[in-house]
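A.B. asks: Task: produce atomic coordinates for the following.
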Amino acid sequence: MNPSDDLTSKANRAFEFAEIQLRKLITNHPCYFPLFTKAGRWKHESESWTNWCEGFLGGMLWILARRTGDPWWHTKAEEYSRLIEHRQFDSMVHDLGFLFLPTWKVWYEVAGDKKIQSAVLTAGKTLAGRFQEKGEYLCSFVAPESLFIDIMMNVEIIFYAAQELGDQTLKDIALKHCLTTRRCLVRGDGSTAHEGIFDPNSGAFLCQSTHQGWRGDSSWARGQAWAIGGFTTAFKYTKEIRFLDTAVATANYFIERTPGEGVPPNDWDQPPPKATYESSAAAIAAGAFLDLAQQVTNPSLAQRYLDRARHTLTTLLTNDFLATGRPGWEGILLHGIYHERKGLGVDESVMWGDYFFLAALDKLLQNAASSSV
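C.D. replies: Okay, here's the model as predicted:
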């Protein structure tokens with residue numbers, strides 16, 4: 001069998017498994033938004049430490065609705081999108097992109113209703129309200145002086161709102177945030193820091209730090225994946241070559257530090273890691289590699305990222321990472337990590353890992369379908 005056909009076949013079977021798992025989840029636990037599993041079962045008993053993942057469950061439902069054409073999935077996708085509608089006004093978090101890009105933006109693309117789009121635009125304007133003028137960055141939920149690499153994956157919602165509204169102020173906020181993140185969190189070797197700390201009075205950058213990596217000067221794998229995807233998206237909206245160069249640098253670092261299966265630990269520099277794998281970082285990176293392959297103009301570089309995405313997804317589709325061989329396991333992707341330091345969701349399924357895994361597979365299959373036409 002052609003390796004490409006084999007990967008396509010495995011991806012389609014993974015979607016069949018995802019349908020089973022997600023149907024069970026939303027039937028047995030309606031209107032819940034779990035973050036991670038505990039011994040393989042989604043944790044439902046209390047409100048989460050932070051509320052940044054509610055868009056990923058709805059996002060998976062939209063992927064299934066579009067792929068299958070089944071009205072049941074479409075109805076559920078709308079239902080789980082409406083459950084987070086009020087969050088468009090939530091000024092306390094930096095994750096509004098994670099909430100509204102996989103859900104309401106997709107819903108608008110399907111339905112074409114401007115009333116649906118308005119929630120996405122409002123969320124973009126709300127997130128822009130976190131902009132710190134002196135330091136020129138969007139602050140994290142932690143404090144006004146804190147900048148997270150994660151926000152690179154959320155800033156798209158501001159770029160999108162700026163584009164749709166013709167709002168130069170919003171575009172400038174998003175652009176300045178990306179430039180500050182590039183300057184302060186991306187290192188010369190292409191590695192990234194999780195957090196940057198600024199002087200709240202002057203806006204001067206003070207130091208790199210971390211919450212989920214090993215140390216402030218180490219390399220947290222999921223943050224690295226956020227950077228690849230975020231800077232690739234920033235380039236798509238701005239055509240600013242510095243962002244493409246940064247996406248390439250961060251992608252190359254990820255690849256060089258992750259030989260073999262293509263799945264990193266939580267932090268490459270931690271000796272030794274508490275868990276061997278952080279599969280959600282691999283899933284995020286796989287999707288980012290597919291996007292980056294379409295943006296670079298060098299054919300050999302594009303092929304490198306496409307090959308890496310396919311290699312990583314091939315690994316994640318094996319029984320070592322896909323939960324098909326784990327009776328009673330409620331997630332889709334094994335060996336994810338939420339917050340190693342806090343002991344939350346270590347070597348478990350995590351909701352964003354499942355989402356970015358399905359999103360990457362969906363991109364791969366769409367690319368294969370369009371190339372065969």
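A.B. asks: same for the helix or strand containing Ala283, what does it pack against?
C.D. replies: Assigned by DSSP states H and E, Ala283 belongs to helix 279-293. Applying 3 or more CB pairs under 8 Å, 6 or more residues apart in numbering; DSSP states H and E, we find helix 279-293 packed against helix 221-238, helix 241-257, helix 299-316, strand 336-339, helix 351-371. All C-beta atoms are positioned from the backbone trio N, CA, C, and that covers glycine.
A.B. asks: Of these, give the one that comes closest to Glu16.
C.D. replies: Ranking those by proximity to Glu16 (CB to CB) places helix 351-371 first, at 11.6 Å.
A.B. asks: buried sites along that closest one?
C.D. replies: 351-365 (16 or more other CB atoms under 10 Å).
A.B. asks: hmm, back to that, and the direction of the helix holding Ala283 versus that of helix 351-371, what angle?
C.D. replies: Orientation check (axes from the mean of the first three to the mean of the last three CA atoms, to 10 degrees): helix 279-293 against helix 351-371 gives 30 degrees.
A.B. asks: what is the mean pLDDT for helix 279-293?
C.D. replies: Average pLDDT, helix 279-293: 99.
A.B. asks: now stretch 44-59
C.D. replies: pLDDT averaged over stretch 44-59 gives 75.
A.B. asks: ok, now how distant is Leu358 from Phe159?
C.D. replies: 24 Å (CB to CB, to the nearest Å).
A.B. asks: quick one on the thing from earlier: how about the CA coordinates for the helix holding Ala283, as PDB?
C.D. replies: This file holds the C-alpha atoms of helix 279-293, laid out as PDB (Å, rounded to 0.1, in the frame of the first residue of the first chain):
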ATOM      1  CA  SER A 279       1.400  14.200  23.000                       C
ATOM      2  CA  SER A 280      -0.600  17.400  22.900                       C
ATOM      3  CA  ALA A 281       2.500  19.400  22.000                       C
ATOM      4  CA  ALA A 282       3.100  16.900  19.100                       C
ATOM      5  CA  ALA A 283      -0.500  17.300  17.900                       C
ATOM      6  CA  ILE A 284      -0.300  21.100  18.000                       C
ATOM      7  CA  ALA A 285       3.100  21.100  16.200                       C
ATOM      8  CA  ALA A 286       1.800  18.700  13.500                       C
ATOM      9  CA  GLY A 287      -1.000  21.100  12.500                       C
ATOM     10  CA  ALA A 288       1.400  24.000  12.700                       C
ATOM     11  CA  PHE A 289       3.900  22.200  10.400                       C
ATOM     12  CA  LEU A 290       1.100  21.600   7.800                       C
ATOM     13  CA  ASP A 291       0.200  25.300   7.900                       C
ATOM     14  CA  LEU A 292       3.900  26.400   7.700                       C
ATOM     15  CA  ALA A 293       4.500  24.100   4.700                       C
END
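A.B. asks: Many thanks, I have nothing further to ask.
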